[in-house]
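A.B. asks: A predicted structure for the sequence below; I have some questions about it.
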Amino acid sequence: RWGRLWVGTYEGCYCFFNMVFANHRLTDGNDIVRAMAAADDSTLVMCTLNGKLLAMNTRTGQTDLVSSQQDGFFLPSAVRLDGKIYMGGDGDVACVDGRRVRWLGLPGGQYTFVSRYQRKLVVGTRNALLTYNPATEQTDTLASDVLHPWVAAEDAQGCLWVGTSSGLYKIAPAKGKGYEARHIDYRQKLIITAMAGDRAGNVVFASADSLLLIRDGKV
C-alpha cells in the first residue's frame, strides 16, 4: 500500500521504499511484531507477541501505544473491514477503530486467524470457522467440519477458500440457505498455512515447496 512494503520483524517493522529499508524499532527489545494492517492513508496498526496494539504514523514514523494486554498475545493475522482493523488475540478478537479498541466478546476458544467473507469477519478456531457480522454483532458458525484451518481468502466468485492441515476447502452459499464446505481433491498432499487474495479475486497459497494459484474457481 502507498507504494511501500511493510515487514514485521523481531525488532519492530521495516519499511521498503525507493529500494531502501528503513527500520522502525519497538521500544521493547523482547517483543515481536506479529501482524499489521493499514487503517487509513497515514496509519499502520501493528499487534505484538507481548499483547500490545500500536499505531504508527507512516509519514513521521511516530508510534503510539493504543492498548496493552497483560499476559496476553496476538496472532500473526490481521484484516481490514469497513475501515476497522481486526486482530486475533488471546481468546478473543480486537477491533481497532482509530485509537479506540473494542474486544468482540466471542465465545471463548483458541483462535488461529482472522479473515473476511461477504462483508463479515471470519475467525478460525481449531475445529470450525465462525463469522461475525459487525452490523448486528452476531456470531454464527460458517463451517464445523473443516478441521485445523490456518488461513482463508475470498475469491471473485463469492467463495471462501480455506487452507488447513488436511488440504484445501471451498466454502460457497448452499442452495436455499446457509453454506456448504467441500474438500478439494488435488494430486499432491496439501498442508496450507499461508494464503492471500488480490483485488481481482485471485487467491495464492503455499504448500511445502509449491506456490499455487486459484483463478476462476480452479487450482
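C.D. replies: Cool, got the structure. Residues are numbered from 1 along each chain as shown.
A.B. asks: tell me which helix or strand of the chain sits lowest on mean pLDDT?
C.D. replies: strand 20-25 (a mean of 86; mean pLDDT, DSSP states H and E).
A.B. asks: Paired strands for it, with orientation please.
C.D. replies: strand 12-17 (antiparallel) (DSSP bridges).
A.B. asks: Remind me which helix or strand the most far-flung residue of the chain relative to its centre belongs to.
C.D. replies: The C-alpha centroid of the chain is most remote from G176, which lies 29.3 Å away (Cα atoms, centre = their mean). Per DSSP states H and E, G176 falls between elements, in no helix or strand.
A.B. asks: For it, grab phi and psi.
C.D. replies: With angles defined as degrees, to the nearest 10, G176 sits at phi 100, psi -80.
A.B. asks: S115 is in contact with A152, correct?
C.D. replies: Yes: with contact defined as Cβ atoms under 8 Å, A152 reaches S115; the gap is 4.2 Å. The C-beta positions use only the backbone N, C-alpha and C, and glycine is treated the same way.
A.B. asks: Between those two, which contacts overlap?
C.D. replies: V122, G124, L160 (Cβ atoms under 8 Å, 6 or more residues apart in numbering).
A.B. asks: For the residues you listed, pick the one with the most neighbours.
C.D. replies: Scoring the shared contacts of A152 and S115 on neighbours with other Cβ atoms under 10 Å, the highest-scoring entry is G124 at 28 neighbours.
A.B. asks: which outside residues touch the helix or strand encompassing that residue?
C.D. replies: Following DSSP H and E, the helix or strand that holds G124 is strand 120-125. Applying Cβ under 8 Å, 6+ apart, the contact partners of strand 120-125 are 79, 81, 86, 88, 93, 106, 109-116, 129-134, 142, 149-152, 160, 162.
A.B. asks: looking at the sheet around the nearest residue to V123 once chain neighbours are set aside, what are its partners?
C.D. replies: In this structure, V123 finds its nearest non-sequential neighbour in L130, 4.5 Å apart by Cβ to Cβ, 6 or more residues apart in numbering. According to DSSP bridges, the partner residues bridging L130 are V123, T141.
A.B. asks: L130: how many residues sit nearby?
C.D. replies: L130, neighbours per other Cβ under 10 Å, totals 22.
A.B. asks: tell me the contacts of it?
C.D. replies: L106, P107, V122, V123, G124, T139, D140, T141, L142 are the contacts of L130 under Cβ under 8 Å, 6+ apart.
A.B. asks: buried subset of those residues?
C.D. replies: L106, V122, V123, G124, T139, L142 (16 or more other Cβ atoms under 10 Å).
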